[in-house]
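**Q** Build me a model from this:
(4 chains)
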Amino acid sequence: MSFPLLTATAALPAVGAVATAAVPAARRTAAKWLALLVSLATLVLAIVVLVRFDPGGARYQLTESHPWIADFGVRYELGVDGIAVALLALTALLIPFIILAGWHDADPLETGSRRWRPTQGFFALILAVEAMVIISFEATDVFLFYIFFEAMLIPMYFLIGGFGDRAHAQGEEAASTQRSYAAVKFLLYNLVGGLIMLAAVIGLYVVAGNFSLQEIAQARANGSLHMATSTERWLFLGFFFAFAVKAPLWPLHTWLPNAMQESTAPVAVLITAVVDKVGTFAMLRFCLQLFPEASKWATPVILVLALISIIYGALLAVGQRDIKRLVAYASISHFGFIILGIFAMTSQGQSGATLYMVNHGISTAALMLVAGFLISRRGSRLIADYGGVQKVAPVLAGTFLIGGLATLSLPGLAPFVSEFLVLVGTFTRYPAIGIVATFGIVLAALYTLVLYQRTMTGPVKPEVSAMPDLKARELVVVAPLIVLLIFLGVYPKPVTDIVNPAVKQTMSDVHKTDPKPEVEAAK
Amino acid sequence: MNAENLIALLIAAPLLGAAVLLVGGRRLDGVGHWIGTLLSTTSFVFGVILFADLLGKNPEHRTLMQHLYTWVPVAGFQADVTFRLDQLSMTFVLLITGVGSLIHLYSVGYMEHDERRRRFFGYLNLFLAAMLLLVLADNYLLLYVGWEGVGLASYLLIGFWQHKPSAATAAKKAFIVNRVGDMGLSIAIMLMFATFGTFAFGPVFAHATGASEGKLTAIGLMLLLAACGKSAQVPLQSWLGDAMEGPTPVSALIHAATMVTAGVYLIVRSGAIFNAAPDAQLVVTVVGAVTLLFGAIVGCAKDDIKKALAGSTMSQIGYMILAAGLGPIGYVFAIMHLVTHGFFKAGLFLGAGSVMHGMNDEVDMRKYGGLRTYMPVTFITFGLGYLAIIGFPGLSGFFSKDKIIEAAFAKGGTEGWILGTCALVGAAITAFYMTRVMLMTFFGEKRWQPDEHGHEPHPHESPKVMTIPMIVLAVGSVFAGGFFSIGDRFLHWLEPITGHSEGNSPLSAAAVTGATMVCLIIGVGIAYLQYGRRPVPAVAPRGSLLTRAARRDLLQDDFNHVVLVRGGEHLTRSLVYVDHTLVDGVVNGTAAGFGGLSGRLRKLQNGYARSYAVSMFGGAALLVAATLLMRAV
Amino acid sequence: MSATAVHSLWTTAAEPISKIPAPKIEYGQLSPTLIVVGAALVGILVEAFVPRKSRYYAQVFVSAVALCAAFAAVVALAADGYGTTKAHIAAMGAIAVDGPSLFLQGTILLAGLLALFTFAERRLDPEAHGNRVDSFAAQAAAVPGSDTEKAAVKAGFTTTEVFPLLLFAVAGMLVFPSANDLLTLFVALEVFSLPLYLMCALARRKRLMSQEAAVKYFLLGAFASAFTLFGIALLYGYAGSVSYATIAQVVDGRVANIDPALANTTGNDALLLIGAAMVVMGLLFKVGAVPFHMWTPDVYQGAPTPVTGFMAAATKVAAFGALLRLLYVVLPGMRWDWRPVMWGVAIITMLGGAIVAITQTDIKRLLAYSSIAHAGFILAGVIATSKDGVSSVLFYLAAYSFVTIGAFAVVTLVRDAGGEATHLSKWAGLGRRSPLVAAVFAVFLLAFAGIPLTSGFAGKFAVFKAAAEGGAAPLVVIGVISSAIAAFFYIRVIVLMFFSEPKPEGPTVAVPSPLTMAAIGVGVAVTLVLGVAPQYFLNLASQAGVFVR
Amino acid sequence: MNPVYYLYLAALLFTIGATGVLIRRNAIVVFMCIELMLNACNLAFVVFSRMHGNLDGQIIAFFTMVVAAAEVVVGLAIIVSLFRTRHSASVDDASLMKL
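**A** Numbers count the residues shown, from 1 in each chain, chains lettered A, B, ... in the order given. Here you go, the predicted structure:
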């Protein structure tokens, strides 16, 4: 058999995590560098996967399959389609930046006990999350996916609860209580979602007798596996609920603002740009493939919820006083777009949604990391505590603005393409919903520019007058992201070429074809 | 080499400039402005070369296409990066790069003392690139990129002096109001995709007649919404006045000559669609007519010279939109007025800038007066611009505006009469407020006092680098109109693209011209009586109700503030509350509920062995009973 | 020795001695039990004859050897195929040697071995007068705080009797799940219960609570066993025999010749139903199912922690084994009567345990309630009434017992001046002080919560899967909900350990001897292995999933 | 006479014992009540043995006595130690652990 490339991409960060955790307490910097190198090596592997992947080829490529738990009908089955490859690459790409951005976030304040090693823990946990996310992108076995979908929560939980912003407004004690509240909220929401999914997973096994995505999908397709309509719907709901919590979809979203607000910026990016993507990805891969009919049955409700997420998230973002909360609600709005695109069931919508996952990852990373640098300078997350930063730290302000413009999906930057695809894709089938969703772009402009105006422009606040501009390390983090944003905005073809075939497949899974235009004008 | 390949360079040059200047950093501060000017001029030179090339071809083959690459390929959704250079876009290219280069030059002087001059030129180049992309794009999605690009540039430039909260707010306002318009554009594009399966100019226009009129009307109205946003037409005009917070060159280039006219371009470019959707056209004309009066009235009441000019801009674009709404009758004249307006309005703004330059950035005309002696060049160039805009016979404005009024009547029927009358009244008011500006600024006795620091302003003529562009533009505003009209040069140039038809005017051309003259004289006369004869009070009199309303942009801003801003704030605040109490509360409530239940059940564990025994006994009894029951049923 | 056997003795008593047929006992197949019992007796002799100084070592040695040997015997029997092909009923119908009994015996023996390690731990408590002491009273008879006790402590007495007691208890537990007639069941029940009552009373610290726990446990236990016995009596009355096979036949109506007496009694279903219910109730008491659970928290809290761990793990295993055999071998005929009832019990057990645990403030009580909730989950598997049901329950029990012993072993490490610091508030910030211990405990908690990649998840999945296949989907949903509730309080402890600031006068973590380390280490290892690669053990369980009839 | 009456007696005794457990405070008395329940069981065994005409029941009765005796040993030991500590054998006093 050939070299297990996919396993390697997941195993490398896992091993790296253990190694990082094992670094002795005194050698903090060593741990950081180790983690960074591992993440970079993972990126290299991911690129290899990207190169080896042939868009025109089979649906799932680089597949691996080994028996695992026969009694549960579980196999260790990996394989990637275009969508998975894209997200795999995104994850592997973002982690190094996250690590680099969080370089000093976990330096211990007080030297408690000799054995207390927060720094090692922080970076080890990040790598652990990376490993689990990657494998859940690769898994083509429902059970295997579920295991890591759930296990992912634990390291995330420690990242959120264990590490927060420095110099919290109400002091360390209050900070730690709020942090643990956020962490518990995060865990419980997702755990409940996961447990309900567990019931559905068991149900799926009772119905199908195994967990192999391909086998089940095939059996569904050629009719050899029949599901009663009600059964299919219940199972679909079980799965979708878990993914909707993770995504997050209104009204299951309230954990996200707390989590992103309390955790450090890099972790916040990890949550929204990497981990949450698993939810939307899973909708595309599992809900639609396993339960096509039920998906179509649920579409109207889901579209409405997505629409609410878009508008509601944007409106709340406008009303926030806390920078990170604002970004969080903006993300909720964006996830609304992604889900809208997925369930519009048009090629434009789904390609757009996939593209959106990638772009939103990059743009949020850019915005949130810069925001993190800003916050780390002033030690406050409140918008009101800033003002006139642009004067003292132009580069920081500039990068912040670009991140913001990407968030409001300015044409020429990556998110625009995906957002427009989603809108068009939705519009062609559900014009009304498409039009309402378009209001989102106005609100996006509103919350982004208000944020920029309040923090960056106007007279210089005395507290920020001494604020230093971006350091070299921070520039190294931000610059590539911005370059990527511009490049993918001007030339998204590389991504779309990978994604399109997979989307075509999904569309055929749900037996849907794009609506025909009134006048056939296209050449 | 064949000319097509030059098209991309038109955009590339200023784009390169923007990149270099914005990324280059402080080390370029010394030469930045010259790099910017050079690159915009380069673009202008390319434009001229292409123009010559077009002239070489016969009118039917004057469309050059350049396909760069496929931008967004998704099943059925094909967006290419393709440029189309035809007579229409050529006109714009020359206007944008030409006026743009002049204003670059002017800014070198105007921004001399600003330590962020390099960035200013970066933004200006960025604007040029975006604007050129807008007019050269061959499909609506690409046009949309340019469309928002110019929006971004104008945002950056309006808010260039960010330390001024007013500037930052104005910039934000401009962008957001424009976003509303952009929403229209994107919906229009979606409609096109849903209707035609594409949004490239060629196929859409070719098949426009094939689609149902309802769809076309919808598309048209959405395009109009976009135009209203970008061109500051009612009801989305509110941002233009505040946009004057930006440096004056910006006002001249973006908010007078080029960007604000993009709406007109959009409608004229989409002529094929509008021609097939008469209802949409009607709405367009109405919007145009309303705006031209609205702007004019606002212009009459402003004491801030730039705001007065902004009102005038609004009104002039109203004329263009009106013309564009008339269909083939008006397209050509809309563009023609656009070009001439580009000259004289830019000239006027530069003049205003030069005045402010000499007056410590004082903008209140009531603090001017009698400046003609202090800054003669400015006076002359400004005066020529003035004569041009009021439509003094023989100057640019005369030709272009007169044509539009004729066309309005030529629409025929009651509509024609109404629209024509509006246009005439507009002409009168224009004459009034421009005369007012002229008199208050350059005539009468000086009214300026020392400012709070006790600095007495010392009015002086601006440096050459500023006056030369003004002179050039003045020349343009004098001769452009005549040059275009004599032998209908401009008409023949554009006709292949826009098509043209003489409507059936109920009035003869002469009659219309006569009427216009009368209006002109009335307007000037009233203004002279009010501001030429009597001294101008240094503080504005309370004025009539209309005046006060007009000072406040006819209360339109207040309306927005109360309804949209306040309402929005309440909405978001209440939503935040809902999110926290309801959505979150449900979950926390459940948790609390389980906690309470737990606390109550916990009490059963009271530590007494005997009560444990009781529970066991009861349990046993239940068990037995249940088992028996199961058998019973 | 079974009743039928005795009966045959009785009837032939009048004949010449030489004619008495010796009862046929398969010593080889009973060897695990016999070894442990024998070792227990040796332990008593040790108490009698070995000088006090060296008793500890002798006892530990004897017990360890015995348990290992017994386990080896189990393995040998299983390898010999007694679990599958050669499974049959030994000792003249008293003991069943088959898959379930061997699997459970193996589990119990390993659990006993780990428990032995924690029993033998002598480094945690500070030395008293230069003598290393374990967690048991110096002299149980001495009144707490009295001079005698002080003297006993000074003299360095230790209650080494716990080791034989442990062995007796283990022996009883070995018989319990493999008992094949009701009398053996009852005797086994008492044999492992009585030593436990005693051991509960032997704590070195907090002796008042310890004695109180013992009293409660004893009284309630005796009360329960009285019910069991009465139930047995009724069943005997119904079927005219206490042997599982016979009763099953009578219940199914498969008996060849029905004499009038039998006809008379079998005519009366009340005997069967009430009897069955009472016997089941006795077993439910041992597994700690609601509403027979109320002893659990108090006893778990008061008993010496090593004993608690042993009880929580081994008792559950043995009791569930017996319950399985009773329901699958004796009462399958009346499945339709007891299944709904067990549904109810399972539901209230799952929910009750999980909900009440939320507000607990003492770590040992918390674990007690969690054990109740787990009893509910296991019951869900029992209800499946399928081969998968059996094997899933077996797997769950194995997984659960190791986690439990490990968890309680960790509890013994966290101590302050008053001995073990079991109040949750004292665990605040443990993760800062000793990350390793906190991490280990977190692993156990996550396993309890059933997070994937831990044995807890595999077990829960197996049980719920079996239940769902057995048509108990609603039960699965409720199980899922209650495990969500349960997750909440496990997480609370983790939050406490890692995210809250350590208290200045907080407890210290004692460094244990290799013994406890071994117990904890094995616990962690099993937890993770069963979580990541459970296949091998699932195979074992499913091979062992068949009862001999 | 009909052995069933003895069964009723057994049931009655058992119930009395159980009630005693539930209502009496003194540990010794509670324990005696439990013994009473066990003896009720014995009676039942013997009666059934008589009805079925096999001796298993009687044998079991012996076993029960033995077990009961063992229980007494253990139980009394525990109760006595509790009494010596608290100078009271009331089960209600022993309620340190609750909730």
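
**Q** Show the low-confidence segments of the chain, by residue range.
**A** Answering for chain A, as no chain was given. Filtered on pLDDT under 70, chain A yields the residue ranges A:1, A:109-116, A:166-171, A:521-523.

**Q** please go with chain C instead
**A** C:1-20.

**Q** For the stretch 101-250 of chain C, which residues are neighbours of chain B?
**A** C:215-216, C:219-220, C:223-224, C:227 (C-beta under 8 Å from any C-beta of the partner chain). Just so you know, the C-beta spots here come from the backbone N, C-alpha and C atoms, and that holds for glycine as well.

**Q** which one of the residues you listed is nearest A:Ala294?
**A** C:Ala224 (48.8 Å; C-beta to C-beta).

**Q** Compute the number of surrounding residues for that closest one.
**A** Per other C-beta atoms under 10 Å in any protein chain shown, the neighbour tally for C:Ala224 reads 25.

**Q** wait, it sits on C:Val280?
**A** No - with contact defined as C-beta atoms under 8 Å, C:Ala224 does not reach C:Val280; the gap is 11.3 Å.

**Q** which one's the longest helix in chain D?
**A** Secondary structure of chain D per DSSP state H: the longest helix is helix D:56-86.

**Q** quick check, that helix touching chain C?
**A** Yes - interface with chain C: helix D:56-86 contributes D:56-57, D:59-60, D:63-64, D:67, D:70-71, D:74-75, D:77-79, D:81-82, D:84-86 (C-beta under 8 Å from any C-beta).

**Q** What separation is there between C:Leu235 and B:Glu569?
**A** Separation of C:Leu235 from B:Glu569 (C-beta to C-beta, to the nearest Å) stands at 76 Å.

**Q** of these two, who's got more company?
**A** A count of neighbours by other C-beta under 10 Å puts C:Leu235 above the other of C:Leu235 and B:Glu569, at 26 against 12.

**Q** and that one, what is it in contact with?
**A** Contacts for C:Leu235 (C-beta atoms under 8 Å, 6 or more residues apart in numbering or on different chains) come out as C:182, C:242, C:247, C:271-272, C:275-276, C:279.

**Q** which of those residues lies closest to chain D?
**A** C:Val242 (6.2 Å; C-beta to the nearest C-beta).

**Q** thought the closest one was touching C:Ile232?
**A** Yes - taking contacts as C-beta under 8 Å, C:Val242 lies within contact range of C:Ile232: 6.6 Å.

**Q** who touches both of the two?
**A** C:182-183, D:60.

**Q** Tell me which helix or strand residue 495 sits in.
**A** You didn't say which chain, so I picked chain A. Using DSSP states H and E, the element containing A:Val495 is helix A:493-509.

**Q** you looked at the wrong chain, it should be chain B
**A** Here B:Glu495 is assigned to helix B:489-498, by DSSP H and E.

**Q** Show me which residues of that helix are buried.
**A** B:490-491, B:493-498 (16 or more other C-beta atoms under 10 Å in any protein chain shown).

**Q** what helices or strands is it leaning on?
**A** Applying 3 or more C-beta pairs under 8 Å, 6 or more residues apart in numbering or on different chains; DSSP states H and E, one finds that helix B:489-498 contacts helix B:87-110, helix B:331-358.

**Q** Now stretch A:125-140 - C-alpha only, PDB.
**A** Extracted C-alpha coordinates of stretch A:125-140, given in PDB (Å, rounded to 0.1, in the frame of the first residue of the first chain):
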ATOM      1  CA  LEU A 125      -3.700  22.000  22.700                       C
ATOM      2  CA  ILE A 126      -3.700  24.100  19.600                       C
ATOM      3  CA  LEU A 127      -1.900  21.300  17.700                       C
ATOM      4  CA  ALA A 128      -4.300  18.700  19.200                       C
ATOM      5  CA  VAL A 129      -7.200  20.700  17.900                       C
ATOM      6  CA  GLU A 130      -5.600  20.900  14.500                       C
ATOM      7  CA  ALA A 131      -5.100  17.100  14.400                       C
ATOM      8  CA  MET A 132      -8.700  16.400  15.300                       C
ATOM      9  CA  VAL A 133     -10.100  19.000  12.900                       C
ATOM     10  CA  ILE A 134      -8.000  17.600  10.100                       C
ATOM     11  CA  ILE A 135      -9.100  14.000  10.700                       C
ATOM     12  CA  SER A 136     -12.700  15.000  10.900                       C
ATOM     13  CA  PHE A 137     -12.300  16.600   7.500                       C
ATOM     14  CA  GLU A 138     -10.800  13.400   6.200                       C
ATOM     15  CA  ALA A 139     -13.000  10.800   7.800                       C
ATOM     16  CA  THR A 140     -15.400   9.100   5.400                       C
END
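
**Q** How about that stretch and chain C, touching?
**A** No - for a cut-off given as C-beta under 8 Å from any C-beta, stretch A:125-140 has no contacts with chain C; the smallest distance is 9.6 Å.

**Q** Now find how far off-centre that stretch is within its chain.
**A** From the chain centre to the centre of stretch A:125-140 is a distance of 12 Å (C-alpha atoms, centre = their mean, to the nearest Å).

**Q** ok, now stretch C:68-84?
**A** Distance, centroid of stretch C:68-84 to centroid of chain: 20 Å (C-alpha atoms, centre = their mean).

**Q** how about A:Ser65, secondary structure?
**A** Following DSSP: H, G, I helix; E, B strand; the rest coil, the label given to A:Ser65 is strand.

**Q** Thought A:Arg75 was touching it, still the case?
**A** Yes - under the criterion of C-beta under 8 Å, A:Ser65 makes contact with A:Arg75 at 5.8 Å.

**Q** which one of the two has more residues nearby?
**A** The neighbour count for A:Ser65 versus A:Arg75, taken as other C-beta under 10 Å, is higher for A:Arg75 (21 against 15).

**Q** after the host helix or strand of the more buried one, next one along is what?
**A** Taking DSSP H and E as the criterion, A:Arg75 maps to strand A:74-80. Sequence order places helix A:82-101 as the next helix or strand after strand A:74-80, per DSSP H and E.

**Q** what about that following helix and chain B, any contact?
**A** No - residues of helix A:82-101 contacting chain B under C-beta under 8 Å from any C-beta: none, with a closest distance of 12.3 Å.

**Q** Can you get me a residue count around B:Thr547?
**A** Neighbour tally, B:Thr547, other C-beta under 10 Å: 14.

**Q** which of the contacts of C:Leu235 lies closest to chain B?
**A** For these, the residue nearest chain B by C-beta to the nearest C-beta is C:Ala276; the value is 6.8 Å.

**Q** Am I right that the closest one is in contact with C:Trp338?
**A** Yes - contact criterion C-beta under 8 Å: C:Ala276 and C:Trp338 qualify, at 6.8 Å.

**Q** quick one: which of those two has more around it?
**A** C:Ala276 (27 against 24).

**Q** Surely that one is within a strand?
**A** No - counting by three-state DSSP, C:Ala276 is not part of a strand but helix.

**Q** Apart from its neighbours in sequence, what residue is nearest it?
**A** Excluding its sequence neighbours, the residue lying closest to C:Ala276 (C-beta to C-beta, 6 or more residues apart in numbering or on different chains) is C:Leu331, at 5.7 Å.

**Q** how close does the one you found sit to chain D?
**A** As for C:Leu331, its distance to chain D is 19 Å (criterion: C-beta to the nearest C-beta, to the nearest Å).

**Q** now B:Ala352
**A** For B:Ala352, the distance to chain D (C-beta to the nearest C-beta) stands at 83 Å.
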